[in-house]
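**Q** Compute the structure for the input listed below.
(3 chains)
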Amino acid sequence: MPSKVFMTPRRLMAPALLGLGLAVSLPSQALPIDECIAPADPGGGWDFTCRSVGKLLRDLELVEGNVQVTNMPGGVGAVAFSNVAGKRADDSNLMVATSTVGMTQIAQGRYPGDADTMRWLAMLGTDVGVILVDDDSPYESLDQLLEAIVDDPTAVAMAGSSGAGGWDHIRALRLAKAAGLPGDQISALRWVQFDGGGPAVTQMMGGHVDAVSTDLGEIAGFIESGDVRPLAVLSDEPLPEPFEELPTAVSQGYDVTGYNWRGFYTGGEVSDADYAAMVETLEALYQSDEWKEVAAQNGLVPLWRGGEDFNDFVRESIDNVEAISREIGVIQ
Amino acid sequence: MSDDAETSHAALGDRIAGAVLALLALGAWWHAQSFVTGFMQPVGPGVFPQLVSVPLGLLAVYLIARPGLNQRWPDAAALCRQLGVLLLLGTYAAFLEPCGFIPSTLVATVVLMRLFGAHWRQALPYGLLLGLALYALFEFALGIPLPDMPGLKV
Amino acid sequence: MDIFDFLVHGFAVALQPQHLLLALIGCTIGTLIGALPGLGPVNGVALLIPLAFNFGLAPTAALILLVSVYYGCMYGGRISSIVLNIPGDEPAMMTTLDGFPMARAGRGGEALGLSAVASFVGATVATIGLTLFAPLLVTVAIRFGPAEYFALFVLAFATIGGVTTGSFTKSFIAASLGLLLGTVGIDPVSGVARYTFGWYELYDGIDYIVALVGLFAVSECLLFLERDRDKADAAMRIGSAVPGMRRSLDCAPTIGRGSVIGFISGVLPGAGASLGSFLSYVLEKRWWGAKGKFGEGDPRGVAAPEAGNNAAAGGALIPMLSLGIPGSGTTAILLALLLSMNITPGPLLFEQQPDMVWGLVAALFIGNVMLLVLNIPLVGFFAKVLQAPSWFLMPMVTLVAFVGIYSLNNSAFDLYMMLAFGVLGYGLRKLEIPTVPVVLGLLLGGQMEFNLRRAMSISGGDWSILVNSGISIGIYLFAGTLLLAGLMYALLLKRRLG
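**A** Numbering: from 1, shown residues only, chains lettered A, B, ... in the order given. Coordinates of the predicted model:
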């Protein structure tokens, strides 16, 4: 998902700064959200979050004019995080897309700051982890795949959109642990990072890696087209349509779930009034039928947490991921 | 690659460049050793920079040993103009945000035109014109906001 | 309906008068924006996206407008490459090598006309390739894993000695320097900050646009200050575009080869238009050997990269549309554009929205035809602009570049960086070290490194994975042959010169 690898249009942000001049000169007045930073390249989950939410805000007339989407890739969101913290902490027109992936980075100390640096607005829905193999892979079930991993952890190369120790990787490792892989062999498992779920799946179709652990939303198209074989989704309950057929890991006897919620934060110096207004705008969006529709189309389950409730939840998630990371050995 | 074809065997220029690049390569190689390899990565962040600094260093040493052709270096007057332009552009960059786009640009265009050999009576009107045209182009035509003068409301 | 019916339908839609008018407007605006150094397709497209929404244009109409702007910008980039020696965007970089010498010899119009025809043919070849082979090419492209990509980048850098007429050593020095500069910033794999020395501004790495404008535009400005003013003012004559269009007949084989090479590099995601134009140029130069005058204003040196870069841009649509992977900066813009219109590229796009896919292809094609036609009046316009006295022209170019770079991030740091690259570019050019490989290193280094690291992750640290497939071995053999041929040629040339 991250990185400057794909020579991304950092320049897309230039016109996006249109609102900045206004905001700086009139800081006291609450202005509608007019920019969303996607801390990744076009095409990934954060980019989708910004684009779909931005478009809906405009279509539902919850904001005046357009919500400009700015792609600011780098460091799995660290670049956008430090940019907002350093330059735009009081910009109440701005929101930044984030998710469990971002929480993982914070929990592992990879952002220049902690949860207190920002104000956490809301989450609108959640994506769910999925384990895939190619449609002509020898692994027919999650059992077979995990058995092969436990047998010889170096035999299977897994890939995803996060780096080693990132959220996609953690979910795969938890499954391997649940299947009985001893803790001291975890580092023998092979993990390959690509620039997103799509590229990872493509490389798996080319036979370069054996299995992929990523979010369902990003690669739903490949499941529908039948190019890949989903072995498990990491939700508590089976998903709603059209993915109701996919087996959960829990139902196959592995007590592992791994959601990836999608939400937004804004700068830490945004006033209480502006913060409340932004949360309210997002809640109005969440309540609309249009959002439910967009979410369903993209494999997201609509789920609301906003304001202080979300603030607490973010801290809880970070602590949670930190504990898991410690358990697996990503951080000491 | 495009310029006055007057080249000469100027061993000195190449040797200095070779020395600078060799030092750079050495520094990069040394600094790359401090990059910590993360969790479960067979190839850490320091490997590629080290891999690249080896040919850079070797080729730089080769350049010291076997220098090639250089273009003619500028005379003192040209050098002064070049330094003047760099100084002007650097100052412009520094004043762009604190002073706002219009005042700093107007000064920069006029002085830059002077440095490129215009008379004051050419530089003044055309410099002002160019500065305002740039403002109009970016602020209005392209919709890119530029820093405003302090104290001015939008 | 099969593909051809869709394509015919797409063209029928694109050829409606309203759409042609939009294509004309888009191409004109795009060319003007693209010709300004530092401003590129991103600015153009970003400028017109809200406009398209506000006018309530239908999706097809909006797509045609935006695609025309995109192509116009790419073409505008070549105009400044040829007449000012300042590439408007990175794929236009190779065009400076022979385009600017042609312009200095009074053949600027010819170069512009030729580049328009070559671009057109490149885009046409890509469109045909896309129509006939898209499904097949996807299956080939996915055979390229990390190890194969790494081999491809090795090939690119092995041939870099052929970029300029200058010394072999210096080209490789420039490439290594570029690759090293490309590692600056936060390493996305480990999160380690490399060579940033605590500067937050460097965390996202060195922006290649900042480097490009500094290395070319600022250094050109510095070099200009030492030239004889009267001579410089009289030097440029543009001429007409028509002889260039005729000249393209002589260059037909070159254009053909460039188109094919470009198309292939475009299909591989991650390689993109820059690699396409680069390989087209270098291989064409090798093809002619001592018989060509590459680097001194050989028309084939304009035709090859132009055909290559447009064919690559077309080829890059295949992975972008069918896999949702943007292969390069420019296709990333198109992807963002499609997403903003609620079209999500992916494996089902060709089946689910064929009208959209082929409408896009038709729009790209129409944009190219429009540029070919527009070229004749535009050359006259740019000839006029260049007749402005140098004390006006050079400050104008410098300041447009300056403000353009500033507007990327609203950051004065980028401006200092650009000036630093300007001084570097000036020094390199004085030392006869080519600047093109520096930008290529910066541009391709990231992908090269990450594919190496991915390959090593797959193999668990076993380096033999790099030569584990037929594709990789083939690429290395080809690279070795080219490298050897280049070295032999350089030695031969040296002996002949005594």
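**Q** And the helices in chain B?
**A** Along chain B, counting by DSSP state H, helices occupy B:11-32, B:47-65, B:76-99, B:101-115, B:120-135.
**Q** mind putting those in JSON lines, mean pLDDT, mean neighbour count and distance to chain A included?
**A** Any C-beta I mention is one placed from the backbone N, CA and C, and that applies to glycine too. Putting those into JSON lines (pLDDT from 0 to 100; neighbours: other C-beta atoms under 10 Å in any protein chain shown; distance: least, C-beta to the nearest C-beta, whole Å) gives the following:
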{"stretch": "helix B:11-32", "mean pLDDT": "92", "mean neighbour count": "18", "distance to chain A": "18"}
{"stretch": "helix B:47-65", "mean pLDDT": "93", "mean neighbour count": "20", "distance to chain A": "13"}
{"stretch": "helix B:76-99", "mean pLDDT": "91", "mean neighbour count": "16", "distance to chain A": "11"}
{"stretch": "helix B:101-115", "mean pLDDT": "91", "mean neighbour count": "21", "distance to chain A": "11"}
{"stretch": "helix B:120-135", "mean pLDDT": "90", "mean neighbour count": "17", "distance to chain A": "13"}
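**Q** per-domain residue ranges of chain B.
**A** What automatic domain parsing lists as the domains of chain B is B:7-71, B:76-141.
**Q** TSV please, covering those and showing distance to chain C.
**A** Shown next, in TSV, are those (distance: least, C-beta to the nearest C-beta, whole Å):
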stretch	distance to chain C
domain B:7-71	3
domain B:76-141	4
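**Q** any idea which helix or strand comes after whichever helix or strand A:Ala232 is part of?
**A** Using DSSP states H and E, the element containing A:Ala232 is strand A:228-233. On the C-terminal side of strand A:228-233, the nearest following helix or strand under DSSP H and E is strand A:259-267.
**Q** Is chain C within reach of that next one?
**A** No. Judged by C-beta under 8 Å from any C-beta of the partner chain, strand A:259-267 stays clear of chain C, getting no closer than 15.6 Å.
**Q** Okay, buried residues for whichever helix or strand comes after that strand please.
**A** Downstream of strand A:259-267, the next assigned helix or strand under DSSP H and E is helix A:272-287. Using 16 or more other C-beta atoms under 10 Å in any protein chain shown as the burial criterion, the residues of helix A:272-287 that qualify are A:274-275, A:277-279, A:281-282, A:285-286.
**Q** Distance to A:Val330 added to those, as TSV?
**A** Conversion of those to TSV gives the following (distance: C-beta to C-beta, whole Å):
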residue	distance to A:Val330
A:Asp274	36
A:Tyr275	32
A:Ala277	38
A:Met278	33
A:Val279	32
A:Thr281	36
A:Leu282	32
A:Leu285	35
A:Tyr286	33
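**Q** now, which of the residues you listed sits nearest chain B?
**A** Relative to chain B, the closest of the buried residues of helix A:272-287 is A:Asp274; by C-beta to the nearest C-beta it sits at 18.6 Å.
**Q** The buried residues of helix A:272-287 also near chain C: which ones?
**A** Counting by C-beta under 8 Å from any C-beta, no member of the buried residues of helix A:272-287 reaches chain C.
**Q** Alongside chain B, which residues does the stretch 101-250 of chain C contribute?
**A** Taking C-beta under 8 Å from any C-beta as the criterion, the stretch 101-250 of chain C approaches chain B at residues C:101, C:104, C:164-167, C:169-170, C:172-173, C:176-177, C:179-180, C:183, C:187, C:189-192, C:194-195, C:218, C:221-227, C:229.
**Q** near chain A too, which of those residues?
**A** Among those, the residues lying close to chain A (C-beta under 8 Å from any C-beta) are C:189-191.
**Q** Chain A versus the spatially most central residue of chain C, what's the distance?
**A** Computing the C-alpha centroid of chain C and ranking residues by C-alpha atoms, centre = their mean puts C:Pro91 first, at 1.2 Å. Distance of C:Pro91 to chain A, computed by C-beta to the nearest C-beta, to the nearest Å: 11 Å.
**Q** can you confirm that residue is in a helix?
**A** Yes. Checked against DSSP: H, G, I helix; E, B strand; the rest coil, C:Pro91 lies within a helix.
**Q** what does the strand holding A:Ala232 contact?
**A** Outside of strand A:228-233, the residues within contact range by C-beta atoms under 8 Å, 6 or more residues apart in numbering or on different chains are A:128-135, A:137, A:139-142, A:145, A:175, A:201, A:204-205, A:211-212, A:216, A:219, A:222-223, A:239, A:243, A:246-249, A:252, A:254.
**Q** dump the residue contacts of the residue of chain B most remote from its centre.
**A** In chain B, counting by C-alpha atoms, centre = their mean, B:Met40 sits farthest out from the average C-alpha position, at 39.2 Å. By C-beta under 8 Å, 6+ apart, B:Met40 lies in contact with A:164-165, A:187, A:189, A:191.
**Q** State the mean pLDDT of the top helix by length along chain A.
**A** Taking DSSP H as the criterion, chain A has its longest helix at helix A:307-328. Across helix A:307-328, pLDDT averages out at 90.
**Q** For stretch A:296-304, buried residues please.
**A** Going by neighbour count (16+ other C-beta under 10 Å), the buried part of stretch A:296-304 is A:296, A:298-302, A:304.
**Q** Take these and keep only those in helices.
**A** Judged by DSSP H, the subset of the buried residues of stretch A:296-304 located in helices is A:Ala296.
**Q** in stretch A:114-122, what counts as buried?
**A** Here stretch A:114-122 shows A:115, A:117-122 as buried, counting by 16+ other C-beta under 10 Å.
**Q** Identify the farthest-apart pair in those.
**A** Spanning the widest gap among the buried residues of stretch A:114-122 are A:Thr117 and A:Ala122, at 17.5 Å by C-beta to C-beta.
**Q** and the residue minimising distance to the centre of chain B, what does it touch?
**A** The centre of chain B sits closest to B:Leu86, judged by C-alpha atoms, centre = their mean, with a distance of 8.3 Å. By C-beta under 8 Å, 6+ apart, the residues touching B:Leu86 are C:222, C:419, C:422-423.
**Q** Can you name the two of those residues that sit furthest apart?
**A** Farthest apart among the contacts of B:Leu86 by C-beta to C-beta are C:Leu222 and C:Leu419. That separation is 10.0 Å.
**Q** hmm, back to that, quick one, which of the helices of chain B is nearest to C:Lys293?
**A** helix B:11-32 (25.6 Å).
**Q** Find the nearest non-adjacent residue to residue 116, please.
**A** Looking at chain A here, since you left the chain open. A:Gly268 (7.1 Å; C-beta to C-beta, 6 or more residues apart in numbering or on different chains).
**Q** Chain C was what I was after
**A** C:Asn375 (4.3 Å).
**Q** Hmm, C:Leu114 and the one you found touching each other?
**A** No. Assessed by C-beta atoms under 8 Å, C:Asn375 is found out of contact with C:Leu114, at 10.2 Å.
**Q** For A:Gly165, see how far away the closest residue to A:Ala164 other than its chain neighbours is.
**A** If the residues on either side of it in the chain are set aside, A:Ala164 comes closest to B:Met40, at 4.3 Å by C-beta to C-beta, 6+ apart. B:Met40 sits 7 Å away from A:Gly165, going by C-beta to C-beta, to the nearest Å.
**Q** which residues touch C:Phe402?
**A** Contact partners of C:Phe402, counting by C-beta under 8 Å, 6+ apart, are B:89, B:92-93, C:38, C:415, C:418.
**Q** Helix or strand: which one has it?
**A** Secondary-structure assignment from DSSP H and E places C:Phe402 in helix C:390-409.
**Q** For the helix or strand following that helix, which helices and strands make contact with it?
**A** Following helix C:390-409 in sequence order, the next helix or strand is helix C:412-430 (DSSP H and E). Packing partners of helix C:412-430 (3 or more C-beta pairs under 8 Å, 6 or more residues apart in numbering or on different chains; DSSP states H and E): strand B:69-71, helix B:76-99, helix C:208-213, helix C:219-224, helix C:390-409.
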